[in-house]
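**Q** got a predicted structure here, sequence first:
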Amino acid sequence: MLKMRTRYLIGLLLLLSVALQAQLNRGGTPWSFNLDAGTPLKVDIVLPPPDLAAVAAEDLLSPMPYRFAINLPVNISFSLPGTDSDTRYYQTTLPSGDRIWLLTIQAPGAKAITVYFDRFNIPPGGRLFLYNSDKSKLLGAFTDLNNNSTGLFSTALIPGDQVTLEYNQPASASTMPDLYISEIAYAYRGVPELKDRTGFGDSGPCEVNIACEEGDFWQDQQKGVAMIGVKKLGSTFWCSGSLINNTRQDKTPYFLTADHCGKGTKPSDFNQWIFYFNYNSPTCADPSIEPGFRSMTGAEVKSTAGDVFVGGSDFLLLVLNQTVPDTFDVWFNGWNREDISSPYGVGIHHPMGDIKKISTYTTPLVSDNWIPISQKTHWKVTWAETHNGHGVTEGGSSGSPLFDSEGRVVGTLTGGESSCDSGSLDSPDYYGKFSYSWDMNGTETAKRLDFWLDPDNTGVMVLDGIPLNIAEPEVRSPDLKLFPNPVSGILHLNSTLLENQGSIRIDLLDSWGRNVASFMRTLDNSGHLTVDLSSFPNGFYLISITSDELSLTGRIIKL
């Protein structure tokens, strides 16, 4: 968040707390965990730590934005022997013929580690896991479903100063992955110690959790708001933002945040930004255990307002690299592009990288500017005291949405003077106007929202939000029975149309509609068959049953 009037960029703060992280993955257990658990992990690479005294001196001279990590070069390939000049790992072959490949990196003194890949390609059947030295934090399995056209990837934080990459290669597979680790983020501050399991509550004491009564009427809107782990300039920062609806309402994963969040970010860095959804307290009171979240990696810039110190409304419109799975239960927030002051509303954000908070205004928004120019580019807002606190904004809130009284986005946070200090509770904050961002920052499509959010030029002034709500597939046979549903192990399928069908094919598709498994079955005259799903990760799946004569579909939940 840009703090008035000094205008420092402090909108990207603090390292992600490390409990219960859940990137898009297939779950499961690394094969090595079934071997001798008492054997200490062999460290393959020891990285020299940064000069923390020099780093501290630099931080004193340049306190904003808040730097929590120094990126250390690694430049190690985790690929077939000889494919790169520096290829390292440890290999062991199991009696089954399956193979385990291990690579352990240590960065002495680091409080947490993020791994950045410049090449990331996993062949079908392979599984990649990451975990810390005591195996208390596990990420993965990452599979070929995590591959993307950019070849770039990054992981959520692993607590401690050591990370192990484990690749499981089934005996039937002959191709190794192409994994090139370019650097790791060495977190030297702003994160809890490994032994600290409750280090997530870093925002000010006046902030109000979204689960409090102040958030009762904003539960749809909050589902669209997410934290962003911003990689740029050799460091990582925090911002907030929101999924945003478009007039086609086709659930394109547009994401709106602040332009200053992305200043200095290279195109490759955007592909390593991480978006954290549903990082919420389940109760009004701060929980004693950090809540979980869901995260996605990578985005592409569509349009931006330009340098807020020159002028403009400070918006950045991204499109996520992947569609959002329906298991995330998100909301594409609506918007209002009328330049009309709202009498009341809220801001929803992640101050200081903390769990989601809500701030309430009860006096009308004021049209204002961010720098001394004639254009009224921003809404000035003053926050009100409510039953459970006096919500404000802090570093990390930058780019978060401002909602009007009808629950529609009218601005994105640039900065301001509010804080939990008693003398600053009533100080104003400034949000770049959605109405200005729509078409007033320039004539190019890369400087306005309308081209993207109203692609058919309908002229709509206001648009409501919509849930993700992936449509239920049509079940062409009313007597198709899938039970138990939810299922944890054996799934039973039964239909009179399956009787005497001979051979059929069963396809299991994930929530993105991608095939994750196929089974061939020969039927008797009972019309009944079973599929063992015990090894598959939890989530929503589509079941497709096909033969030469029929096609049936259904939906299940795996728990």
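**A** Structure's in. What do you need? Numbering: from 1, shown residues only.
**Q** what are the ranges of the helices in the stretch 151-300 of the chain?
**A** With helices called from DSSP state H, counting those that start in this stretch, the stretch 151-300 of the chain shows them at 219-222, 259-262, 267-270.
**Q** gap between the second one and the chain center?
**A** Put plainly, it is helix 259-262. Distance, stretch centre to chain centre, for helix 259-262: 17 Å (C-alpha atoms, centre = their mean, to the nearest Å).
**Q** what's the longest helix in the protein?
**A** Longest helix in the chain by number of residues, with DSSP state H as the criterion: helix 52-61.
**Q** list the buried residues in the following helix or strand past that helix.
**A** Proceeding N to C from helix 52-61, the next assigned helix or strand is strand 69-77, under DSSP states H and E. By neighbour count with 16 or more other C-beta atoms under 10 Å, strand 69-77 contains the buried residues 69-72, 74, 76-77. Backbone N, C-alpha and C define where each C-beta goes, glycine included.
**Q** which single one of those is nearest to Tyr167?
**A** Tyr167 has its nearest neighbour among these in Ser77, at 12.3 Å by C-beta to C-beta.
**Q** what helix or strand is the residue nearest to Gly204 when sequence neighbours are not counted on?
**A** Leaving aside its chain neighbours, Gly204 sits nearest to Cys420 (3.0 Å; criterion: C-beta to C-beta, 6 or more residues apart in numbering). Using DSSP H and E, no element contains Cys420; it sits outside every helix and strand.
**Q** distance check, Cys420 against Pro159.
**A** Going from Cys420 to Pro159 by C-beta to C-beta, to the nearest Å gives 27 Å.
**Q** more neighbours, those two?
**A** It is Pro159, of Cys420 and Pro159, that has more neighbours when counted by other C-beta atoms under 10 Å, with 28 against 17.
**Q** what pairs with that one across the strands?
**A** Assessed by DSSP bridges, Pro159 has beta-bridge partners Ala112.
**Q** isn't it up against Lys137?
**A** Yes. Contact status for Pro159 versus Lys137: in contact at 5.6 Å, counting by C-beta atoms under 8 Å.
**Q** ok, Lys302 - contacts?
**A** Lys302 sits next to 254, 317-319, 446, 452 when contact means C-beta atoms under 8 Å, 6 or more residues apart in numbering.
**Q** at 7 Å what do you get?
**A** Residues near Lys302 by C-beta atoms under 7 Å, 6 or more residues apart in numbering: 317-319, 452.
**Q** the residues you listed: which two are farthest apart?
**A** Pairwise across these, and taking C-beta to C-beta, the largest span is found between Leu318 and Trp452, at 10.2 Å.
**Q** which of the two has more neighbours?
**A** The residue with more neighbours, out of Leu318 and Trp452, is Leu318; 25 against 17, by other C-beta under 10 Å.
**Q** need the helices for the stretch 351-500 of the chain, in chain order.
**A** Counting by DSSP H, counting those that start in this stretch, the stretch 351-500 of the chain has helices at residues 434-439, 450-453.
**Q** what would those helices look like in CSV with distance to Asp532 and mean pLDDT?
**A** Output for those, formatted as CSV (distance: least, C-beta to C-beta, whole Å; pLDDT from 0 to 100):
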stretch, distance to Asp532, mean pLDDT
helix 434-439, 50, 98
helix 450-453, 45, 97
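**Q** so where's the stretch 351-500 of the chain shaky on pLDDT?
**A** 470-479, 500 (pLDDT under 70).
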